[in-house]
Structures are given as structure tokens and as C-alpha cells.
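Visitor: model this:
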Amino acid sequence: MAFQRPKATQSIYEPEFVQALFNEMSLTYERMNTITSFGFSNRWRRQCVFEIDIQPGQTVVDLMSGMGETWGYICPKIKTNGALLGVDFSEGMLHYANQKRQRKQYASYAITIHKQNVLASTLPDQCADHVVVAFGLKTFNDDQISQLAKEIYRILKPGGQFSCVEVSVPKPALLRAFYLFYLRRIIPILGALFLGNPQTYRMLGIYCAQFKNTNQALQLFENAGLICRQTNYFFGCASGIVGEKPIT
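Guide: Reported below is the predicted structural model:
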């Protein structure tokens, strides 16, 4: 389905709406993320991956993998004897992920892409040594985040680790005011320049403002049985959750 403004009776968290949004943005998403975050999105992805102890030969699941933007930080850690499983439901994003997988940089790695809703994937129980979630939490409501936490618990091996990162609203008042203005006003203008449609990138600002940070998500992850701690990056402009599945 083509992306369009949500109807009055439609939730912006409905999978069909989110899927259409990212299909529409897929052509410019990676470039826009780098430009609008002044390169910080790449730095936060790297920090997210480096929060966990990924070893050669291990299996990493990249949930909401998008265009594979995090693979460049995961692959050097798993080496060519490890496995990377990407899960996403956006055809547009996965089109570019498949192109990336075929590049010389990734040709020697065991990368498998699954076009699935991460909340109802067919990945086997306890298949992952590590799970990474980069910039996907904001498109979920609390019930969906609870489902995601349970899914992470299900696919992690006992003792397995996970790391999530998400753009967040910083606490310092002056920085918060500037940040929200930038999200709500400037990014849609850039979206119009790059994509010809400011509404798509305006939605990212709406998601960020409603998500705020990972405080609430942290509790939901703990409720799912995961051991967690919160991380913060660049004065709270991004925040994350890092933890593990208990061994017993």
C-alpha cells in the first residue's frame, strides 16, 4: 500500500501504516538519517553494537534491520564463521538490504534476510547469541514493545545478550526545545527536498516525541524476564536498553 496520512480512526502504530511509511522512505532513508543526525545515527548504531560482547562464530539477529545499516558493525565481530539474521517487513527497505548483502564487503558473510513482522517471526527458539534493535522501538506502542521484549526473550539463548538504541528527547530544557523544533520543522523540509513529501519524515518526529526515551520500555523489557540497564548517548538525544536473558 502507498503511504498516506493516517485516518482519524487509524493508529500510527498499525503494522500496515508503519510498513507503508518505511516503504515510501526506503529510497532516501539511509542518506537522510546520516544527514539529519549530522552523522550521529551511525555513531549510535556502532555504540549499540559495541555494548554487547559479540564473538567470532556467533549468531546475531538484527530485528527491524531496515537496509542493513548496522551490518558494518556486526559483521567484523562475527567474522565469516558467524551468522547474521536480518528481520524486517518493509519490502522497500529489504530491497536495498539485499543489494547491500551482495556487495563485496559482505559477500563472505553468512547473512540471511527474513521478510517478517518482528513481533511474530518464525525464528526458532533460542537461536540467537545476541539481538540488536536499532531505531525501531519508536514505531511501537507499549503493548507492541512488550511483545517485542517477549520475542527477544524467546529467540535468545540463555545468557544471550541484546542491545537496543532509539532516538530520544533529551532532558535539558534548551536542548529539548531545539531538538523538538528540529524534528518537527526542519526534518520535514529536508524530507520534501529529498523525497518530495514532507509528511513521511514528519511522522518520524511524531514517533520520537511520543516515544520520549527508553525509560518506559526498560520496565517492559524487565517484565518479560530480561535483565536490563539503560544507556544514554549525547545528552539523551539517543537512549538504549542493554541486557541479557538469565541462564536459569
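Visitor: give me the distance from the strand ranked longest in the chain to the chain's centre.
Guide: Assignment by DSSP state E gives strand 156-167 as the longest strand of the chain. Distance of strand 156-167 from its chain centroid, counting by CA atoms, centre = their mean, to the nearest Å, is 12 Å.
Visitor: same for it, what does it pack against?
Guide: Under the contact definition 3 or more CB pairs under 8 Å, 6 or more residues apart in numbering; DSSP states H and E, strand 156-167 sits against helix 40-50, strand 128-134, strand 238-244. (Glycine included, C-beta is placed from N, CA and C.)
Visitor: and those: which comes nearest A209?
Guide: Nearest of the helices and strands packed on strand 156-167 to A209, taken as CB to CB: strand 238-244 at 14.1 Å.
Visitor: note down every partner strand of that closest one and its orientation.
Guide: Sheet partners assigned to strand 238-244 using DSSP bridges are listed as strand 156-167 (antiparallel), strand 227-233 (antiparallel).
Visitor: comparing those, which comes out most buried?
Guide: strand 156-167 (a mean of 22; mean count of other CB atoms under 10 Å).
Visitor: can you list contacts of the next helix or strand after it?
Guide: Moving toward the C-terminus from strand 156-167, the next helix or strand (DSSP states H and E) is helix 173-181. Residues outside helix 173-181 that contact it (CB atoms under 8 Å, 6 or more residues apart in numbering): V169, P170, G205, A209, F235, G236, C237.
Visitor: select only the buried ones of those residues in PyMOL?
Guide: What follows is the PyMOL syntax selecting those of the contacts of helix 173-181 that are buried according to 16 or more other CB atoms under 10 Å:
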select buried, resi 169+170+205+236+237
